[in-house]
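Novice: got a predicted model here, sequence first, then my questions.
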Amino acid sequence: MEPFVLYSKNHPYLHVASWESQYSHLVVGMSTRTEQNRNYALHVGNDPKHVIESRKSLTHTLSFPFESWTCGEQVHDNHIKIIESSNRGRGRESRDSAFADTDGLITHESDILLASFYADCVPLLFYSPDSDIIGVAHAGWKGTVKNIGVSMIEKFQELGADKKQIMVAIGPSIGSCCYKVDDRVVEPLHQVLPDVFQSSMITATTNGHYYLDLKEANKQLLLLAGLKSSQILVSQRCTQCEDTLFFSHRREGSSAGRMVAFIGKRRSNE
Ligand SMILES: [Zn+2]
């Protein structure tokens, strides 16, 4: 069953329904373009006022204060920032205040909405119920081969999480139906996933080109690191195919809008 379920209240978005029903203080999911083509990233050349208005609208829908919106400047690397309450709200209104060179965000604090931006790359959402730690990481092919997912697991463990209990939701991204790549991508992936050519992750086409399942690659890296399949949810949604739900960099070019993947913990008194 698809883990990212469309939730249409007054601001349609996808939520990880099984996590939210099991842990009622969690808010976790991904925006869609269903609502007014809203774009959530400041780095696409769009009107910043419109982006900030979209962020305010989404936080309102999620019953979070806008001041809780916290994000980084994503650079397709594997650097991770631990967010404390003193850093709450960084990046919400300007790129200058966002955490520089940061593709992964983790916090144990409530009332902080971790936000990360996408238009085909893979969102990785993390929750550890034993330690009540949350996280999100941006994994394009570069972040995937740099193994940002496993780096997130290691950070969770440093903060006291039991690896056996960490849950990961791999969100909508470009699917193997559409994600055509070449050796430039496949060779470094082969370095970290030695079985990649024997797997169903890759389908060779012609002249050194392949269709790649980047979501599955992230899952396999997490399995190699010792997670069990039962700890990992994988969306089947493709951002390039589902053009009414998603922006897609491959389909629309660099000016494509960006969805936001988010996770936060509501305060217990709300
Ligand atoms: Zn597709």
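Specialist: Everything's here; your move.
Novice: longest helix of this protein?
Specialist: For the chain, the longest helix by residue count, based on DSSP state H, is helix 48-61.
Novice: for it, packing partners?
Specialist: Secondary-structure packing of helix 48-61 (3 or more C-beta pairs under 8 Å, 6 or more residues apart in numbering; DSSP states H and E): strand 259-265. C-beta coordinates here come from the backbone N, C-alpha and C atoms, glycine included.
Novice: mind redoing it with 10 Å?
Specialist: strand 26-31, strand 69-71, strand 113-118, strand 259-265 (3 or more C-beta pairs under 10 Å, 6 or more residues apart in numbering; DSSP states H and E).
Novice: what are the pairing partners of the longest one, and which direction each?
Specialist: So the one you mean is strand 259-265. According to DSSP bridges, strand 259-265 has the following sheet partners: strand 26-31 (antiparallel), strand 113-118 (antiparallel).
Novice: alpha carbons of it, as CSV, please.
Specialist: Output in CSV follows, covering the C-alpha atoms of strand 259-265 (Å, rounded to 0.1, in the frame of the first residue of the first chain):
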residue,chain,number,x,y,z
MET,A,259,7.8,20.4,-3.1
VAL,A,260,8.7,20.4,0.6
ALA,A,261,9.1,17.2,2.6
PHE,A,262,8.5,17.9,6.3
ILE,A,263,8.4,16.3,9.7
GLY,A,264,7.7,17.8,13.1
LYS,A,265,6.5,16.9,16.6
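Novice: change the start of the numbering to 52 and stick with it
Specialist: Renumbered: residue one is now 52, and that last one reads strand 310-316.
Novice: where does the stretch 152-301 of the chain come near the ion, residue by residue?
Specialist: Residues of the stretch 152-301 of the chain lying close to the ion by C-beta under 5 Å from the ion are 226, 228, 229, 289, 291, 292.
Novice: quick revisit: buried stuff in the longest helix of the chain?
Specialist: Buried residues in helix 99-112, counted by 16 or more other C-beta atoms under 10 Å: 102, 103, 105, 106, 108, 109, 110, 112.
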